[in-house]
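Asker: Attaching a predicted model along with its sequence, questions to come.
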Amino acid sequence: MQWTRSAMSTQETTQLGRIKSTIRAQINAGVWFQGQKLPSERELSGRFATTRITIKDALVSLETEGLIYREERRGWYVSPERICYNPLSRSHFHQMVRDQHRIAETRLLHVSSERASGEYANVLEIEATTPIYVIERLRFIDGRVVLFVENVLKAALFPAILQENLTGSLTGLYRQKYGYETRRSRFEVVPTSAPAHVAKALNLAQGQPVLKICRVNYKQDGELIDCEFEYWRPDAVMIRIDSLNE
């Protein structure tokens with residue numbers, strides 16, 4: 001029996017939709033609960049009597065919807081509820097997560113003293129070779145790593161900061177140690193692919209999608225003091241802008 005290209009496309013679309021609908025319904029019904037590992041792609045292809053390529057397409061589509069997520073070399077899992085993130089809020093990460101009755105954790109990965117170049121110099125609006133500090137941290141919600149953060153600081157404004165505890169709120173540290181109040185921030189939100197070092201930290205395959213948020217901060221006199229590059233697992237966060245909160 002011969003199939004036209006249109007007929008084959010319709011069959012594949014119908015099958016793909018059926019697989020997605022079944023998995024989605026099982027998640028919504030609690031058959032598979034938040035954080036649970038799904039059966040392997042090989043097992044799912046047997047259950048649905050289809051190819052692993054079709055199963056992979058269905059899972060990637062459900063990942064885009066935020067229903068499931070994947071861990072590199074570990075498999076697929078049901079996504080927990082997303083965290084609501086209002087960039088206009090001055091609440092730091094731990095407070096934001098606690099306010100939503102979740103558990104936050106921050107781990108310091110690496111700190112360095114460098115000379116600005118490339119994106120760092122452009123975003124901080126400084127000359128190349130200007131001294132900067134780079135602070136890399138991982139952030140967790142309910143024990144799951146969801147966020148890789150690079151804070152890039154103008155070194156001249158933050159003497160001896162690398163000797164401080166850098167796992168808490170940097171905004172609070174700025175206030176307490178240096179007297180800086182963040183009075184203005186500028187945000188850029190860009191869906192992109194994970195760079196190699198970010199993918200490794202977040203247990204992603206290199207090139208998997210992430211939500212990149214660049215935040216530039218200014219202190220009370222209007223001087224730009226630092227920038228922050230956040231790389232979120234896209235299934236873990238929802239951006240909600242509410243100007244009435246401020």
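Answerer: Arrived safely, thanks for sending. Computed from a prediction, not measured in an experiment: that's the story for all the values here. Numbering: from 1, shown residues only.

Asker: now the strands for the protein?
Answerer: Assigned by DSSP state E, the strands in the chain fall at 68-71, 75-78, 83-85, 104-115, 131-141, 144-154, 182-193, 209-219, 224-232, 237-239.

Asker: For Ser169, which of the ones you listed is the nearest?
Answerer: Evaluated over the strands of the chain, closeness to Ser169 peaks at strand 104-115, with 9.2 Å, by C-beta to C-beta. (C-beta placed from N, C-alpha, C; glycine too.)

Asker: Report all helices and strands that that closest one contacts.
Answerer: helix 93-99, strand 131-141 (3 or more C-beta pairs under 8 Å, 6 or more residues apart in numbering; DSSP states H and E).

Asker: Could you look over the ones you listed and pick the most buried one?
Answerer: Mean neighbour count (mean count of other C-beta atoms under 10 Å) peaks for strand 131-141 among the helices and strands packed on strand 104-115, with a mean of 19.

Asker: Arg137 contacts Ala104, correct?
Answerer: No - judged on C-beta atoms under 8 Å, Arg137 makes no contact with Ala104 at a distance of 11.8 Å.

Asker: list the contacts for the residue sitting nearest the centre point of the chain?
Answerer: The residue lying closest to the centre of the chain (C-alpha atoms, centre = their mean) is Trp232, at 0.6 Å. Residues in contact with Trp232 (C-beta atoms under 8 Å, 6 or more residues apart in numbering) are 146-147, 210-213.

Asker: Quickly list what it is bridged to.
Answerer: Beta-bridge pairing for Trp232 (DSSP bridges): Leu147, Leu211.

Asker: any idea how far Met238 is from it?
Answerer: The gap separating Trp232 from Met238 is 10 Å, by C-beta to C-beta, to the nearest Å.

Asker: least trustworthy helix or strand in this protein by mean pLDDT?
Answerer: helix 5-28 (a mean of 73; mean pLDDT, DSSP states H and E).

Asker: which residues of the chain score low on pLDDT?
Answerer: 1-13, 243-246 (pLDDT under 70).

Asker: domain ranges for it?
Answerer: 15-78, 83-239 (the TED database).

Asker: Quick check on Arg90: phi, psi?
Answerer: Backbone torsions of Arg90, given as degrees, to the nearest 10, read phi -90, psi 0.

Asker: Look up how far Ser169 lies from it.
Answerer: 10 Å.

Asker: Of these two, give the one with the bigger neighbour count.
Answerer: Shown here are Arg90 and Ser169; by other C-beta atoms under 10 Å, Ser169 has more neighbours (16 against 13).

Asker: hang on, the earlier thing: which among the contacts of Trp232 gets closest to His197?
Answerer: Of the contacts of Trp232, the one sitting nearest to His197 (C-beta to C-beta) turns out to be Val210, at 11.9 Å.

Asker: ok, the closest one - contacts?
Answerer: With C-beta under 8 Å, 6+ apart, Val210 has these contacts: 191-194, 198, 202, 204, 231-234.

Asker: and the two most separated of those?
Answerer: Across the contacts of Val210 (C-beta to C-beta), the longest gap, 14.9 Å, separates Pro191 and Leu202.

Asker: higher neighbour count, these two?
Answerer: A side-by-side neighbour count of Pro191 and Leu202, using other C-beta under 10 Å, places Leu202 first with 22 against 9.

Asker: Quick check: that one vs Val190, distance?
Answerer: Counting by C-beta to C-beta, the separation of Leu202 from Val190 is 16 Å.

Asker: Same question for Ile239.
Answerer: According to C-beta to C-beta, Ile239 and Val190 sit 12 Å apart.
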